[in-house]
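J.: Dropping the sequence and predicted coords here.
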Amino acid sequence: QLRPSLQGFARAQELAGPAWAPLRAKLLDRLRGTNERRAKVDIFLHEQLIDDAIQVIESGCDDTTLAQVADAAIAARPSWVIAKTTAQAERLMAAGDAQRYDQAVAWLRRARDAFRADGRPIDWQGYLEGARARYKRKHKLIGLLDKL
């Protein structure tokens, strides 16, 4: 409780045995009230509490944490994933730094998977065609987009 971590949470589960359900609820409630963002994300994702993990990062986080939550949320919250990952990709593509186009495409892979999970493959194709049109002068990027 003093220093929340996924490892500590798992250890508490192991030690609690049959008393785990009420202890789990108590620990999660306490966790929600802490400022331990990293522990919150790790534990919420481990417990498949996607909405809780999303709420933690809504006020900002690093790209690694956003990617971790987005990957976990594709099936449960595809629209959220689409919004976040396309925004990340657009930021990178618009900046014009060709060395970061691979990162943009990694975000777009998540978006593609979320569009598909949401049953919207045609919308994905529309988005991709729009990106190709917007960035048609960025030849390296277009080559990467063509592989999606």
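T.: Looks like it came in fine.

J.: okay, CA-based contacts and neighbour counts for the rest of this
T.: OK.

J.: where do the helices sit along the chain?
T.: With DSSP state H, the ranges of helices along the chain come out as 6-16, 20-32, 37-46, 50-57, 63-73, 78-95, 101-117, 121-134, 139-146.

J.: And for V56, the neighbour number?
T.: Residue neighbour count, defined by other Cα atoms under 10 Å, stands at 20 for V56.

J.: Then A95?
T.: A95 has 11 neighbours, counted by other Cα under 10 Å.

J.: Repeat that for Q99.
T.: Residues near Q99, counting by other Cα under 10 Å: 11.

J.: Tell me who's in contact with A76.
T.: With contacts defined as Cα atoms under 8 Å, 6 or more residues apart in numbering, the neighbours of A76 are I50.

J.: Next, it: phi, psi?
T.: According to degrees, to the nearest 10, the main-chain angles of A76 amount to phi -80, psi -40.

J.: Make 35 the starting number, not 1.
T.: Renumbered: residue one is now 35, and that last one reads A110.

J.: buried ones in stretch 111-121?
T.: Residues of stretch 111-121 classed as buried: R111, P112, S113, V115, I116, K118, T119, T120, A121 (neighbour count, 16 or more other Cα atoms under 10 Å).

J.: do you know how far the third one is from Q133?
T.: Translated: S113. Spatial separation of S113 from Q133 under the definition Cα to Cα, to the nearest Å is 28 Å.
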